[in-house]
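> quick one, what's the 3D model for this:
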Amino acid sequence: MDLYERVRKLEEIVRDLMGRIENIERALRLLGIDQPTLTIASKLVISFSMPAVKALEAASRVLNVLRNVVIRDPISISIIEVLSGCESLSISEITRRVRVLRGSASRRVIRERLRDLEDRGIVVNVGNESRPKYILTECIEELAYE
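Modelled structure (predicted):
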């Protein structure tokens with residue numbers, strides 16, 4: 001196969017892939033899934049090997065939380081993203097996962113942000129004083145409806 005044929009074959013493959021991507025994007029739009037949801041979901045899939053369907057649900061939770069409150073602090077947003085999977089997590093677990101998302105995180109800063117998020121009603125401590133475990137308030141509300 002000469003160079004011309006190889007390039008032509010690659011062009012066909014790229015056209016096919018672009019068509020498939022367009023079909024996927026069209027299907028997602030029909031399902032009502034917007035670009036911000038996809039962006040957050042892809043970050044969760046890549047960072048935590050979360051299944052795509054779960055990541056889309058989690059991303060939707062993040063956006064619901066962020067629509068209802070003003071949060072400009074990127075660390076607090078990362079904490080919300082980490083907790084969007086509806087698991088109750090300790091401060092250490094949250095810190096580890098925020099590090100995966102951001103590259104760095106201080107346990108002390110995470111604890112401070114969690115207190116602020118708890119005061120604002122965004123997260124709930126479902127553990128106790130000596131061993132706190134946090135979960136998104138929205139997750140508790142979802143579980144109550146199920």
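
> just for this structure, where's the confidence low?
By pLDDT under 70, the low-scoring segments of the chain are 28, 31, 143-146.

> okay, domains of the chain per the record?
Following automatic domain parsing, one gets these domains for the chain: 1-32, 34-145.

> most tightly packed of the ones you listed?
Most buried of those, by mean neighbour count (mean count of other CB atoms under 10 Å): domain 34-145, with a mean of 16. Quick note: C-beta positions are derived from backbone N, CA and C, even for glycine.

> which SSE is immediately downstream of the longest helix along the chain?
Longest helix in the chain by number of residues, with DSSP state H as the criterion: helix 3-30. Heading C-terminal from helix 3-30, the first helix or strand you meet, by DSSP states H and E, is helix 35-48.

> show me what secondary structure element comes after that next one.
Heading C-terminal from helix 35-48 (DSSP H and E), you reach helix 52-68.

> tell me the angle of that following helix relative to helix 3-30?
Using axes from the mean of the first three to the mean of the last three CA atoms, to 10 degrees, the inter-axis angle of helix 52-68 relative to helix 3-30 is 50 degrees.

> need the next SSE after helix 52-68, C-terminal direction.
Next along from helix 52-68, by DSSP H and E: helix 74-83.
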